[in-house]
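> give me a model of this one.
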Amino acid sequence: QVQLVDSGGGLVQAGDSLRLSCAASGGSFSSYVVAWFRQAPGNEREFVAAISRRGESTTYADSVKGRFTISRDNAKNMVYLEMNSLKPEDTAVYYCAATMRIAYTSRNTYNYNYWGQGTQVTVSS
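Coordinates of the predicted model:
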């Protein structure tokens with residue numbers, strides 16, 4: 001069973017960059033597909049990006065494609081989300097999620113059974 005800790009959020013201006021980190025412990029991290037989701041106040045949790053077990057495959061939401069990059073370092077049990085050209089609509093709590101249930105990068109929250117505590121990202125205009 002893996003435990004996830006999200007970090008790296010903050011308050012930035014539109015156009016700035018941030019890098020979120022997800023630190024994993026307690027499991028064989030390279031066995032997990034990992035994703036980032038986000039949730040803004042009053043909205044449902046939405047998919048942002050996902051990465052396969054060895055990092056050879058990634059999937060992005062259309063709203064972040066070309067601006068965000070997901071990566072992982074299995075030797076360090078870490079997953080990252082590099083966010084560039086941030087927009088006010090990117091403001092949300094960002095959650096790291098992991099699963100061994102599937103072997104592909106899924107956009108669906110129900111496929112992920114381990115979650116971080118979330119980290120707040122606020123982008124001012």
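
> where exactly do the strands run in the chain?
Secondary structure of the chain (DSSP state E): strands at 3-7, 10-13, 18-25, 33-39, 46-51, 58-60, 68-73, 78-83, 92-99, 114-115, 119-124.

> turn the ones you listed into TSV, including mean pLDDT and mean neighbour count.
(Each C-beta comes from the backbone N, C-alpha and C, glycine too.) Shown next, in TSV, are the strands of the chain (pLDDT from 0 to 100; neighbours: other Cβ atoms under 10 Å):
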stretch	mean pLDDT	mean neighbour count
strand 3-7	97	17
strand 10-13	98	13
strand 18-25	97	19
strand 33-39	98	24
strand 46-51	98	22
strand 58-60	97	18
strand 68-73	98	18
strand 78-83	98	22
strand 92-99	98	22
strand 114-115	98	17
strand 119-124	98	17
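
> how about the residue nearest the centre of the chain: what's its closest non-neighbour residue?
The chain has Trp36 as the residue nearest its centroid, 2.2 Å off, counting by Cα atoms, centre = their mean. Spatially, and ignoring its direct neighbours in sequence, Trp36 is nearest to Val48 (4.2 Å; Cβ to Cβ, 6 or more residues apart in numbering).

> wait, Ile102 touches Val33, no?
Yes - here Ile102 reaches Val33: they are 5.9 Å apart, a contact under Cβ atoms under 8 Å.

> phi, psi of the closest residue to Val93 other than its chain neighbours?
Closest residue in space to Val93, ignoring its immediate chain neighbours: Gly118 at 4.3 Å, by Cβ to Cβ, 6+ apart. Phi and psi for Gly118, reported as degrees, to the nearest 10, are phi 100, psi 150.

> okay, now Gly118: neighbour count?
Neighbour count of Gly118, defined by other Cβ atoms under 10 Å: 17.
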